[in-house]
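Enquirer: Here's my sequence, what's the structure:
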Amino acid sequence: MPAIKLETSEKLDDCIKQNIARKALSICAKALGKPVAVVENIVIVGLTIAFSGACAQPSALVNIAQIGEYVEELRQSLKQSFFTWLAQHGTQVKRTYLHFAGKTRDKWGWILIQDECQGT
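Expert: Numbers count the residues shown, from 1 in each chain. Predicted structure coming up:
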(Lines give C-alpha, C1' and ligand atoms only; values in the text may rest on other atoms or scores of the structure.)
Protein backbone atom coordinates (compact mmCIF):
# COMPACT_ATOMS: atom_id res chain seq x y z
CA MET A 1 0.00 0.00 0.00
CA PRO A 2 2.66 2.61 0.77
CA ALA A 3 4.79 3.57 -2.22
CA ILE A 4 8.09 5.41 -2.37
CA LYS A 5 9.58 7.01 -5.45
CA LEU A 6 13.14 8.17 -4.99
CA GLU A 7 14.54 10.27 -7.82
CA THR A 8 18.14 11.41 -7.76
CA SER A 9 20.65 13.12 -10.02
CA GLU A 10 23.36 10.68 -9.00
CA LYS A 11 24.44 8.01 -11.45
CA LEU A 12 24.50 4.71 -9.58
CA ASP A 13 25.18 1.13 -10.60
CA ASP A 14 22.52 -1.58 -10.25
CA CYS A 15 23.90 -3.00 -7.00
CA ILE A 16 23.78 0.40 -5.28
CA LYS A 17 20.28 1.09 -6.69
CA GLN A 18 19.06 -2.20 -5.22
CA ASN A 19 20.62 -1.37 -1.85
CA ILE A 20 18.96 2.06 -1.94
CA ALA A 21 15.60 0.48 -2.79
CA ARG A 22 15.87 -1.97 0.12
CA LYS A 23 16.93 0.74 2.59
CA ALA A 24 14.13 3.11 1.52
CA LEU A 25 11.63 0.24 1.93
CA SER A 26 12.96 -0.45 5.40
CA ILE A 27 12.79 3.22 6.48
CA CYS A 28 9.24 3.64 5.19
CA ALA A 29 7.90 0.31 6.49
CA LYS A 30 9.29 0.98 9.96
CA ALA A 31 7.97 4.55 10.17
CA LEU A 32 4.50 3.62 8.84
CA GLY A 33 4.24 0.39 10.82
CA LYS A 34 3.73 -1.66 7.65
CA PRO A 35 5.39 -4.92 6.58
CA VAL A 36 8.04 -4.54 3.88
CA ALA A 37 6.00 -6.98 1.76
CA VAL A 38 3.34 -4.31 1.07
CA VAL A 39 5.66 -1.36 0.39
CA GLU A 40 6.60 -0.53 -3.21
CA ASN A 41 9.71 1.44 -4.12
CA ILE A 42 10.82 2.98 -7.38
CA VAL A 43 14.39 4.28 -7.69
CA ILE A 44 15.21 6.53 -10.64
CA VAL A 45 18.81 7.67 -10.97
CA GLY A 46 20.88 9.83 -13.27
CA LEU A 47 18.28 12.56 -13.73
CA THR A 48 19.08 16.15 -14.48
CA ILE A 49 17.82 18.08 -11.47
CA ALA A 50 18.26 21.84 -11.22
CA PHE A 51 18.03 22.87 -7.59
CA SER A 52 18.62 26.54 -6.74
CA GLY A 53 19.72 26.97 -10.33
CA ALA A 54 22.60 24.49 -10.00
CA CYS A 55 22.78 21.08 -11.65
CA ALA A 56 26.29 19.99 -10.63
CA GLN A 57 25.61 18.85 -7.04
CA PRO A 58 23.59 15.73 -6.16
CA SER A 59 19.89 16.38 -5.57
CA ALA A 60 16.97 14.14 -4.70
CA LEU A 61 13.19 14.06 -4.49
CA VAL A 62 11.48 11.44 -2.34
CA ASN A 63 7.74 10.92 -2.86
CA ILE A 64 5.98 8.91 -0.17
CA ALA A 65 2.35 7.92 -0.72
CA GLN A 66 0.07 5.96 1.58
CA ILE A 67 -3.56 5.56 2.52
CA GLY A 68 -4.19 8.04 5.30
CA GLU A 69 -2.76 11.29 6.53
CA TYR A 70 0.62 12.17 7.97
CA VAL A 71 0.63 13.45 11.52
CA GLU A 72 3.51 15.80 12.39
CA GLU A 73 5.37 13.12 14.36
CA LEU A 74 5.31 10.76 11.36
CA ARG A 75 6.49 13.49 8.96
CA GLN A 76 9.34 14.39 11.29
CA SER A 77 10.35 10.74 11.69
CA LEU A 78 10.39 10.15 7.93
CA LYS A 79 12.26 13.42 7.28
CA GLN A 80 14.92 12.61 9.87
CA SER A 81 15.39 9.04 8.62
CA PHE A 82 15.55 9.92 4.92
CA PHE A 83 17.67 13.06 5.33
CA THR A 84 20.19 11.30 7.58
CA TRP A 85 20.44 8.35 5.24
CA LEU A 86 20.72 10.43 2.06
CA ALA A 87 23.38 12.66 3.66
CA GLN A 88 25.47 9.55 4.34
CA HIS A 89 25.44 8.96 0.57
CA GLY A 90 26.47 12.48 -0.43
CA THR A 91 23.10 14.15 -1.05
CA GLN A 92 22.81 17.31 1.01
CA VAL A 93 19.62 17.90 3.00
CA LYS A 94 19.35 21.39 1.51
CA ARG A 95 19.17 19.76 -1.97
CA THR A 96 16.47 17.21 -1.12
CA TYR A 97 12.69 17.50 -0.96
CA LEU A 98 10.30 15.00 0.57
CA HIS A 99 6.74 14.95 -0.74
CA PHE A 100 4.06 13.31 1.40
CA ALA A 101 0.90 12.17 -0.37
CA GLY A 102 -1.96 10.95 1.79
CA LYS A 103 -4.60 9.18 -0.27
CA THR A 104 -8.07 8.01 0.57
CA ARG A 105 -8.78 4.34 -0.06
CA ASP A 106 -10.92 5.17 -3.13
CA LYS A 107 -7.88 6.83 -4.77
CA TRP A 108 -5.63 3.79 -4.37
CA GLY A 109 -5.82 0.53 -6.29
CA TRP A 110 -4.08 -2.79 -6.15
CA ILE A 111 -4.83 -6.38 -6.97
CA LEU A 112 -4.32 -9.19 -4.53
CA ILE A 113 -3.63 -12.34 -6.51
CA GLN A 114 -4.38 -15.56 -4.71
CA ASP A 115 -2.11 -18.53 -5.18
CA GLU A 116 -3.92 -20.80 -7.66
CA CYS A 117 -2.75 -23.86 -5.73
CA GLN A 118 -4.51 -22.88 -2.53
CA GLY A 119 -7.49 -25.00 -1.61
CA THR A 120 -6.84 -27.72 -4.15
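Enquirer: give me the element the most centrally placed residue in the chain is part of.
Expert: With distances taken as Cα atoms, centre = their mean, I4 lies nearest the centre of the chain, 3.0 Å away. Per DSSP states H and E, I4 falls inside strand 3-8.
Enquirer: helix or strand right after that strand?
Expert: According to DSSP H and E, the helix or strand after strand 3-8 is helix 14-32.
Enquirer: for the helix or strand that that next one is followed by, which positions count as buried?
Expert: Using DSSP H and E, the helix or strand that directly follows helix 14-32 along the chain is strand 40-44. Residues 41, 43 are the ones in strand 40-44 that count as buried (16 or more other Cβ atoms under 10 Å). For every residue, glycine as well, the C-beta is placed using N, CA and C.
Enquirer: how far is strand 40-44 from where the chain is centred?
Expert: Relative to its parent chain, strand 40-44 has a centroid offset of 7 Å by Cα atoms, centre = their mean, to the nearest Å.
Enquirer: Neighbouring strands of it in the sheet, and parallel or not?
Expert: Using DSSP bridges, the strands paired with strand 40-44 are strand 3-8 (parallel).
Enquirer: quick one: contacts of the partner strand?
Expert: 20-21, 24-25, 28, 39-47, 49, 58-66, 91 (Cβ atoms under 8 Å, 6 or more residues apart in numbering).
Enquirer: Please check those and keep the buried ones.
Expert: The neighbour-count criterion (16+ other Cβ under 10 Å) marks 20-21, 24-25, 28, 39, 41, 43, 45, 49, 58-62, 64-66, 91 among the contacts of strand 3-8 as buried.
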